[in-house]
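Visitor: quick check, what structure comes out for this input:
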Amino acid sequence: PILKLPCSASIDCFIDSTFYLQTMSLSNNLVIIVSVGKGFGRSIASAFAKALLSKVHFILIGESEEDLQVTAETVASLRPTTVTSELMLSDLADHTALLALAERLFSSRSFTDYTHVTFINNAQTIQPIGNIDSGIDPSLLSRAIQLNVTSPMYLTSECMRAMRDTTRAPARAAVVNISS
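Guide: Below is the predicted model of the structure:
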């Protein structure tokens, strides 16, 4: 199958993932999606829920409990008997929250119950936007760097470290980093 994801009002993104999704469709899956509360993140979760015929457990991560709950309900409605979700609130622009999230996700969790683990990092911001000569608020710049650079690099590193630990790793793992 090809996953069709609405990227914007006028553009669709297609992920040709036939082999990966075919093997995932026959197994027990864990899909971790960072920044899944709205838009593209919610579309990714929905696309995986539609494409996978087997059991899938989502770990949905975002800043708004209400938005996460809507996403969880959306994916559950697509496959009510095979989809479960775990919600995690986190502000990835906050260094302490980032460390706590990585600890919760990767430090002590075993992934051996899953045949496939897919980690999708969708967290990003385009702020601050403006002319360079109009001045940039250093706190907004620092937040953007934390969210767009530090957070995905750190979470990917911790994910890969956990997946290399053969005592708790799944049979297969994939990391997807999304940026704009």
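
Visitor: which residues of this structure fall in helices?
Guide: In the chain, the helices defined using DSSP state H lie at 18-24, 39-51, 65-78, 95-102, 138-145, 151-164.

Visitor: what is the third one packed up against?
Guide: Just to be clear, that refers to helix 65-78. helix 39-51, strand 56-62, strand 83-89 (3 or more C-beta pairs under 8 Å, 6 or more residues apart in numbering; DSSP states H and E). In this view, the C-beta of every residue, glycine as well, is placed from N, C-alpha and C.

Visitor: the first one to strand 83-89, inter-axis angle?
Guide: Computed with axes from the mean of the first three to the mean of the last three C-alpha atoms, to 10 degrees, the direction of helix 39-51 lies at 160 degrees from that of strand 83-89.

Visitor: in helix 39-51, what counts as buried?
Guide: Residues of helix 39-51 classed as buried: 40, 41, 42, 43, 44, 45, 46, 47, 48, 49, 51 (neighbour count, 16 or more other C-beta atoms under 10 Å).

Visitor: among the helices of the chain, which is nearest residue 176?
Guide: helix 39-51 (8.6 Å; C-beta to C-beta).

Visitor: just give me the residue right at the centre of this structure.
Guide: residue 33 (1.7 Å; C-alpha atoms, centre = their mean).

Visitor: for it, give its distance to residue 175.
Guide: The gap separating residue 33 from residue 175 is 12 Å, by C-beta to C-beta, to the nearest Å.

Visitor: low-confidence ranges in this protein?
Guide: Regions of the chain meeting the criterion pLDDT under 70 cover residues 1-26, 128, 180.

Visitor: 50 - rerun?
Guide: Residue ranges of the chain with pLDDT under 50: 1-19.

Visitor: contacting residues for the residue nearest to residue 87 when sequence neighbours are not counted?
Guide: Computed as C-beta to C-beta, 6 or more residues apart in numbering, the closest residue to residue 87 that is not its neighbour in sequence is residue 68, at 4.4 Å. With contact set as C-beta atoms under 8 Å, 6 or more residues apart in numbering, residue 68 has these partners: 36, 37, 60, 61, 62, 87, 88, 89.
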